[in-house]
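1. one predicted model, sequence on top.
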Amino acid sequence: MEKAWLPYVSVFANATLLRIVAMSGLGLRIEDPDAIERTLPSDALNEEVGKAVLCALGDSKLMSPAEFKRSYAVSADLYKKRIDEVMRAHGYRTKRAYFTRMKKCGVEKTSLGLEVTPTRHDQLERFGGLPEKRILITRDASAAEVGAAVRAALERCE
C-alpha cells in the first residue's frame, strides 16, 4: 500500500532569522522550486511564524514523476542560490557564519494534526531528526499556536 502524501515544511532558525521552506516530492522531499520561500526576523511574532508555516504547508505538494525529476535536477543549484540570497540579504559572509548555531525543525500535516519535530545539528548543513522530542498540535490550531509550537520545537533542538 502506498503511503499518502503529507505536506511538510522545514523551518531553519539562527540568531537573526527564520527561513521557512515548503518541501515537495515523490517519497523523497526536496525544496519546492515553485514555492515561495519565506524569511522572517528571528523575533517575529508567533502569529507571523504560524501564518508563514501554514502558507508553506499549503505550497507543499506531491509531485508527478516527471515534475520530481525536473525539480530534483535543479534542487542542488536552487538550494545554493537560495542560501546565497539569504546570506547576502542578511549580511552573512560565509556559510559557516550563517549555519553556526542553526536550528531546524520539520512541520508535517497529518490526519491527526501537525507534528513539529526538532533536529540535531550533525554537520554544517546536515540535521538529524529527534522524533522522541516532537510536539503534536491539533489541525485547527491558530497561527499563533502553530508559531509557538515551532518555537518550542526549535528550543528542543540539539
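-> Everything's here; your move. Numbering: from 1, shown residues only.

2. buried ones in the longest helix belonging to the chain?
-> Ranked by residue count and defined by DSSP state H, the top helix of the chain is helix 65-89. By 16 or more other Cβ atoms under 10 Å, the buried positions in helix 65-89 come out as Glu67, Phe68, Ser71, Ser75, Leu78, Arg82, Ile83, Val86, Met87. Quick note: C-beta positions are derived from backbone N, CA and C, even for glycine.

3. wait, what's in contact with the closest residue to the last one other than its chain neighbours?
-> Looking back up the chat, that one is Met87. Spatially, and ignoring its direct neighbours in sequence, Met87 is nearest to Tyr98 (5.1 Å; Cβ to Cβ, 6 or more residues apart in numbering). Contacts for Tyr98 (Cβ atoms under 8 Å, 6 or more residues apart in numbering) come out as Asn14, Ile83, Val86, Met87, His90, Tyr92.

4. Ala35: how many residues sit nearby?
-> 19 (other Cβ atoms under 10 Å).

5. surely it is within a strand?
-> No - checked against DSSP: H, G, I helix; E, B strand; the rest coil, Ala35 lies outside a strand; its state is coil.

6. Ser60 is in contact with that one, correct?
-> Yes - the pair Ala35 / Ser60 is scored as a contact, 7.3 Å apart, by Cβ atoms under 8 Å.

7. okay, and the common contacts of these two?
-> Going by Cβ under 8 Å, 6+ apart, residues that sit against Ala35 and also against Ser60 are Ala22, Ser24.

8. one step back: out of the contacts of Tyr98, which is nearest to Ser24?
-> Ile83 (18.2 Å; Cβ to Cβ).

9. where does this protein have low pLDDT?
-> Across the chain, the ranges flagged by pLDDT under 70 are 1-3.

10. beta-bridge partners for the most centrally placed residue in it, please?
-> The residue lying closest to the centre of the chain (Cα atoms, centre = their mean) is Ser10, at 1.1 Å. For Ser10, the beta-bridge partners under DSSP bridges are Val21, Gly106.
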